[in-house]
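>>> model the structure of this input:
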Amino acid sequence: MKRTTFTAAAALLLLAACQGPAFADGGAAPAPTAPATWQPRGSVLGGAATTADAPAMKAGTTYRDTIRPGQTRMYGIALDAKSSAYASAFALPPPGAKVTYDDGIELKLVSADGTECDSREEHFDDDGDARPVGTAVERTIGDEDDSCQGANQYTLQVHRTSDAGSDQAVWPLELRYVLEPPLRSGTVPPPAPPFASASPTPLLTGGTRRAAGGTSFETAAAIRTGIWKDRLLPGETRFYKVPVDWGQQATVFADFSSARQIGSGLDFVGAGVRLTAYSPVRQYVDGADGDYSGSPTSLAEQLPPASYANRSSDDDTVQRVRYAGWYYFAVSVHPDVAKQVGGAVPVTLRVQVKGAAQPAPAYAGNPAAAGIGVTAHDVAAADGTATGGGSSSSALRAVAYGAFGVGTLLLLVLAAWFAAARRRPVRG
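Alright, predicted model coming up:
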């Protein structure tokens, strides 16, 4: 009886141990059935309705709040007269939320005397395309057109625009602001390298690797020059980050593969797929979208070379690529794609970072706290795994390997116990 019990237990543990690596490699992992979503992080900070009551934000700290349709939330930011500042906010509608083209959020940075230092707005730009939406506003020191140069109390204002027939639920917000230190006195940054906006060429050589895209900036998968594969469900947005040093230029292609069609194949979803680029301070840089019906299509984003001098450019896209750091690329699949294809959409990311790294400008402080700059370790560690806690697929792989290790250990213990039992004399 004891031997029978051991045999059954050992068989079960052996099965669990063998399933561990297969599950971890994706061979036996169950396919997700619901889109993974951005879960807001940080300290809770309730925005106020007036500037007088605006709660204070701290540089380099992530906050979370909520916002209703038509509501404006205000947050206080105290700035000195030396540092440039970048304040971001992202609204996070639930999957499947009803949204229209003009729904979204509008950001303003306002000084104590009511001067509007900067304003930006981001909308869904398509009916039904609920996804994380946001950007960052800025106060740039040394900008002759920016009147907000002094040390003062400023206010970040976040307003949610919403059509009367759109989702009326409260949405989560994630907010953050960072400070870029000034350059040392007398420092003159080199001029910006030329940027030719010719059609980019995709990277075609090299082996492919798996990437587990994150659901937010905090959990973005770190990837470098190479070819990376992932899968996205309709209604899902996945984030990837690419290390770009001073003087380097990043180009990213997102190839959306064919998928199992369940519709007629003649219909398509307008703006069914998207590729959006963000700077290290979470500011929108540029974006592209395309129709999708389950047949292959491709989108591309080519950034200008990263240069401190880009901030004086008249081109908004060039102006926002003003520092080295992690550049984020969000890949989105429209929820309505579920009417055209069954299951996930395979995506191939072709990433190419060109150019030799140039010396960083002489900052008077450490810009790393603002996410500015990259290291050789950052590049080497960009292996496609999600960061900051990981995505659900990364977590499943970790659990699988953990289960494999524990199962193997228990199997060894039971084997030793069984061997000892066989050596023990039998009584009676």
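>>> quick one: the strands in the stretch 301-428 of the chain?
With DSSP state E, counting those that start in this stretch as the criterion, the stretch 301-428 of the chain has strands at 325-333, 345-354.
>>> wait, which of the ones you listed is closest to residue 295?
strand 345-354 (11.1 Å; C-beta to C-beta). Using the backbone N, CA and C atoms, a C-beta is placed for each residue, glycine as well.
>>> just checking, what packs against the closest one?
strand 226-232, strand 237-244, strand 249-256, strand 325-333 (3 or more C-beta pairs under 8 Å, 6 or more residues apart in numbering; DSSP states H and E).
>>> list the buried ones in it?
Residues of strand 345-354 classed as buried by neighbour count (16 or more other C-beta atoms under 10 Å): 345, 347-353.
>>> dihedrals phi and psi, the residue nearest to residue 307 when sequence neighbours are not counted?
Excluding the flanking residues, the one nearest residue 307 by C-beta to C-beta, 6 or more residues apart in numbering is residue 192, at 4.2 Å. With angles defined as degrees, to the nearest 10, residue 192 sits at phi -70, psi 140.
>>> redo the helices and strands packed on strand 345-354 as CSV? Include distance to residue 128 and mean pLDDT.
Conversion of the helices and strands packed on strand 345-354 to CSV gives the following (distance: least, C-beta to C-beta, whole Å; pLDDT from 0 to 100):
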stretch, distance to residue 128, mean pLDDT
strand 226-232, 16, 98
strand 237-244, 14, 98
strand 249-256, 18, 98
strand 325-333, 12, 98
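>>> would you mind finding the most buried of those?
strand 237-244 (a mean of 27; mean count of other C-beta atoms under 10 Å).
>>> on that earlier part again, how close does the residue nearest to residue 307 get to residue 304?
8 Å (C-beta to C-beta, to the nearest Å).
>>> so for those two, which residues contact both of them?
310, 318 (C-beta atoms under 8 Å, 6 or more residues apart in numbering).
>>> more neighbours: the two, which one.
Neighbour count, other C-beta atoms under 10 Å: between residue 192 and residue 304, residue 304 has more, with 24 against 21.
>>> what sits closest to that one if chain neighbours are left out?
For residue 304, the closest residue by C-beta to C-beta, 6+ apart turns out to be residue 195, at 3.8 Å.
>>> my guess is that neighbour contacts residue 307, does it?
No - assessed by C-beta atoms under 8 Å, residue 195 is found out of contact with residue 307, at 9.1 Å.
>>> quick check: buried residues in stretch 297-312?
By neighbour count with 16+ other C-beta under 10 Å, stretch 297-312 contains the buried residues 297-308, 310-312.
>>> and the helices in the protein?
Remark: helices assigned in the chain by DSSP state H are 2-24, 316-319, 376-380, 392-423.
>>> break the protein down into its domains, please.
2-31+395-423, 37-180, 196-390 (automatic domain parsing).
>>> out of those, which gets the lowest mean score?
Lowest mean pLDDT of these: domain 2-31+395-423, a mean of 43.
>>> so who does residue 223 touch?
Contacts of residue 223 (C-beta under 8 Å, 6+ apart): 211, 240-242, 349, 351, 382, 384.
>>> what do you get for residue 73?
Neighbours of residue 73 in contact, by C-beta under 8 Å, 6+ apart: 47-49, 65, 67, 157-159, 173.
>>> next step: these restricted to strands.
Under the assignment DSSP state E, those contribute 65, 67, 157-159, 173 to strands.
>>> format those as a markdown table; extra columns: distance to residue 321 and neighbour count.
Compiled in a markdown table, the ones in strands among the contacts of residue 73 are given as follows (distance: C-beta to C-beta, whole Å; neighbours: other C-beta atoms under 10 Å):
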| residue | distance to residue 321 | neighbour count |
| --- | --- | --- |
| 65 | 29 | 22 |
| 67 | 29 | 21 |
| 157 | 26 | 21 |
| 158 | 24 | 25 |
| 159 | 27 | 17 |
| 173 | 26 | 23 |
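>>> look up how far residue 301 lies from residue 202.
Counting by C-beta to C-beta, the separation of residue 202 from residue 301 is 12 Å.
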